[in-house]
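In: make a model of this:
(one chain, ligands or ions: 2)
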Amino acid sequence: MKQLIYLDNAATTKTRPEVVETMLPYFTEFYGNPSSVYEFSGISKKAITGARETIANALGAKSNEIYFTAGGSEADNWALIATAEAYETKGKHIITSKIEHHAVLHTCEYLEKRGFEVTYLDVDENGVIKLEELKKAIRPDTILITIMFANNEIGTIEPIKEIGQIAKERGVLFHTDAVQAFGHVPINVDEYNIDMLSASGHKINGPKGIGFLYIRTGIKSRSFVHGGGQERKRRAGTENVPGIVGFGKAVELAISEMDERIQKETDLREYLMNRVMDEIPYTRINGHRKNRLSNNVNFAFQFIEGESLLIMLDMKGICGSSGSACTSGSLDPSHVLLAIGLPHEIAHGSLRLTLDQVNTREEMDYVVESMKEIVDKLRSMSPLYEDYMRHQAK
Ligand SMILES: Cc1ncc(COP(=O)(O)O)c(C=O)c1O
Ligand code: FES
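Out: Ligands and ions are numbered 1, 2, ... in the order given. Take a look at the predicted model:
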């Protein structure tokens, strides 16, 4: 295969060899069903307990507050639907933001069809929700605030501590989709007053198809997947033992390396951003300039199409994204970029590059040189650019 510079770590990450190694015996040797009674299956059960503890510790939570799911989407669906059902006698109003992942937005739409009312908060030009608007939106029948920890497209980190404080003062439950943030930034559920939190293994160099929902003790929730008594009767289904073990290992690594990784990624990110902003004209940065995930870069190049840019980058072995994984391939501009106020044509010219600590400066240099060449080429073919230049020359 040609060279590969993988800069789409918000879509998914490489499973680390240490993680795979930890998982392997749970396929080949210790394959017992954790619910069985014999000693052999106890090995699987013990492995799950260990991973649960590692994850709980990473959040400052208790082990019995972590419920494994088949990923971030399931955790989001569960948090919203089960809370809505469990608290509908109190009220039928939910607050979220316009820039959530579709796992939250589409679940909100589903609940609207079932008689719930949802307020979608605006964000500012950096993608940050406005706390005053949040306060105004809370009503006596509001049962849940669900705001993502960090945005998957533009990397902006939301004021989670403040949101948690507001939710607590007003007696409303607070769920956060931390799929992009967990393992990347420090999170403590008590300090931030988080009642429920979703996370996913494959965004932190763990396996795909495994995630969890944290549910604070005392919160009413319903079983989301009905069947056997796994996950303390709240989520039926034989546990994905290798996945859980791998997730636990990925969390252990992410937590122990967090400071170092944030530093490495931030250095690379700033280097890449600065070079691009200095060397490619008519470009802007989407998302908060500083208060963003250490590995997220999102550019808008005027006069060009993000999709064409992606295809040409791919020909040079560079993997990026023009929105979130599932919307690229669609012609609609991203709802996140529209929500931060970008006009359609500029939203279409956006490119997301999400790094990993293993990337290097040399790779960033290659990416910048490739981007310069491609953006030049695409602009030279763009009627919009031609028009603009003609006007400038007048
Ligand atoms: C913010 C956010 N929420 C939820 C998800 C869904 O997670 P999963 O792919 O594990 O279902 C993603 C992944 O794209 C995400 O970025
Ligand atoms: S589900 Fe990911 S963008 Fe639609």
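
In: any idea how far the residue nearest the centre of the chain lies from Glu65?
Out: The residue lying closest to the centre of the chain (CA atoms, centre = their mean) is Gln180, at 2.8 Å. Remark: distance between Gln180 and Glu65 (CB to CB, to the nearest Å) = 21 Å. Every C-beta, even on glycine, is put in place using the N, C-alpha and C of the backbone.

In: how about the residues of this structure by ligand 1?
Out: When proximity is defined by CB under 6 Å from any ligand atom, the chain lies next to ligand 1 at 71-73, 76, 101, 103, 148, 152, 177, 179-180, 200, 211, 324-325.

In: name the nearest of these relative to Ala47.
Out: For these, the residue nearest Ala47 by CB to CB is Gly211; the value is 17.3 Å.

In: backbone dihedrals for the closest one, please?
Out: With angles defined as degrees, to the nearest 10, Gly211 sits at phi -160, psi -170.

In: so it touches Glu74, yeah?
Out: Yes - in this structure, Gly211 is within contact of Glu74 by CB atoms under 8 Å, at 6.5 Å.

In: more neighbours: which of those two?
Out: Legend: neighbour count by other CB atoms under 10 Å for Gly211 and Glu74, higher for Gly211 (27 against 22).

In: what is the burial count for the closest residue to ligand 2 within the stretch 51-200 of the chain?
Out: Ranked by CB to the nearest ligand atom, the top residue of the stretch 51-200 of the chain for proximity to ligand 2 is His102, at 3.4 Å. Applying the criterion other CB under 10 Å, we find 16 residues in the vicinity of His102.

In: gap between the nearest residue to Ile318 once chain neighbours are set aside and Gly32?
Out: Leaving aside its chain neighbours, Ile318 sits nearest to Ile5 (4.8 Å; criterion: CB to CB, 6 or more residues apart in numbering). In this structure, Ile5 and Gly32 are 42 Å apart, going by CB to CB.

In: of those two, who's got more company?
Out: Ranked by neighbour count (other CB under 10 Å), Ile5 and Gly32 place Ile5 first, with 20 against 17.

In: for that one, grab phi and psi.
Out: Dihedral angles (degrees, to the nearest 10) for Ile5: phi -110, psi 100.

In: what sits against it?
Out: Contacts for Ile5 (CB atoms under 8 Å, 6 or more residues apart in numbering) come out as 317-319, 359, 363, 366-367.

In: low pLDDT regions in the stretch 201-350 of the chain?
Out: Flagging of the stretch 201-350 of the chain using pLDDT under 70 yields the residue ranges 323-331.

In: which residues of it fall in helices?
Out: 230-233, 241-279, 306-315, 335-339, 344-348 (DSSP state H, counting those that start in this stretch).

In: packing partners for the last one?
Out: Packed against helix 344-348, as judged by 3 or more CB pairs under 8 Å, 6 or more residues apart in numbering; DSSP states H and E, are the following elements: helix 335-339.

In: ditto for the third one
Out: When contacts are defined as 3+ CB pairs under 8 Å, 6+ apart, helix 306-315 sits against strand 350-354, helix 361-380.

In: just the C-alphas of it, formatted as CSV.
Out: Listed next in CSV are the C-alpha coordinates belonging to helix 306-315 (Å, rounded to 0.1, in the frame of the first residue of the first chain):
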residue,chain,number,x,y,z
GLY,A,306,-14.0,20.0,0.9
GLU,A,307,-14.8,16.8,-0.9
SER,A,308,-12.5,17.5,-3.8
LEU,A,309,-9.8,18.5,-1.4
LEU,A,310,-10.3,15.2,0.5
ILE,A,311,-10.1,13.1,-2.7
MET,A,312,-6.8,14.8,-3.7
LEU,A,313,-5.4,14.4,-0.3
ASP,A,314,-6.3,10.8,-0.4
MET,A,315,-4.3,10.5,-3.6
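
In: residues making contact with it?
Out: Residues outside helix 306-315 that contact it (CB under 8 Å, 6+ apart): 301, 319-323, 328, 348-351, 367, 370-371, 374-375, 377-378.

In: looking at the contacts of Ile5, which is nearest Ala10?
Out: When the contacts of Ile5 are ranked by distance to Ala10 (CB to CB), Cys319 comes first, at 11.4 Å.

In: the closest one against Ala10, yeah?
Out: No - counting by CB under 8 Å, Cys319 stays clear of Ala10, with 11.4 Å between them.

In: what's the domain layout of this structure?
Out: Domain ranges of the chain: 5-11+259-393, 17-253, per automatic domain parsing.

In: flag every residue of the stretch 1-150 of the chain that's near ligand 2.
Out: Counting by CB under 6 Å from any ligand atom, the stretch 1-150 of the chain comes close to ligand 2 at 101-102.

In: can you rerun that using 8 Å?
Out: 73, 101-103, 106 (CB under 8 Å from any ligand atom).

In: buried ones among these?
Out: Neighbour-count burial (16 or more other CB atoms under 10 Å) is assigned, among these, to 73, 101-103.

In: can you tell me which of these is nearest Gly127?
Out: His101 (13.1 Å).

In: the closest one and Ala181 touch, don't they?
Out: No - using CB under 8 Å, His101 is not in contact with Ala181; the gap is 12.0 Å.

In: list the contacts of the closest residue to Ser200 other than its chain neighbours.
Out: Closest residue to Ser200 apart from its sequence neighbours, by CB to CB, 6+ apart: Gly72 at 3.5 Å. By CB under 8 Å, 6+ apart, Gly72 lies in contact with 101, 103, 177, 179, 198-200, 203, 211.

In: ok, Gly72 to Pro17 distance?
Out: With the distance defined as CB to CB, Gly72 ends up 23 Å from Pro17.

In: comparing the domains of the chain, which comes out most buried?
Out: Ranked by mean neighbour count, the domains of the chain are led by domain 17-253 with a mean of 20 (mean count of other CB atoms under 10 Å).

In: report the distance from that one to the chain centre.
Out: 11 Å (CA atoms, centre = their mean, to the nearest Å).

In: would you list every one of the helices in the stretch 1-150 of the chain?
Out: Along the stretch 1-150 of the chain, the segments classed as helices by DSSP H, counting those that start in this stretch run 17-23, 25-28, 39-59, 72-87, 102-113, 131-137.
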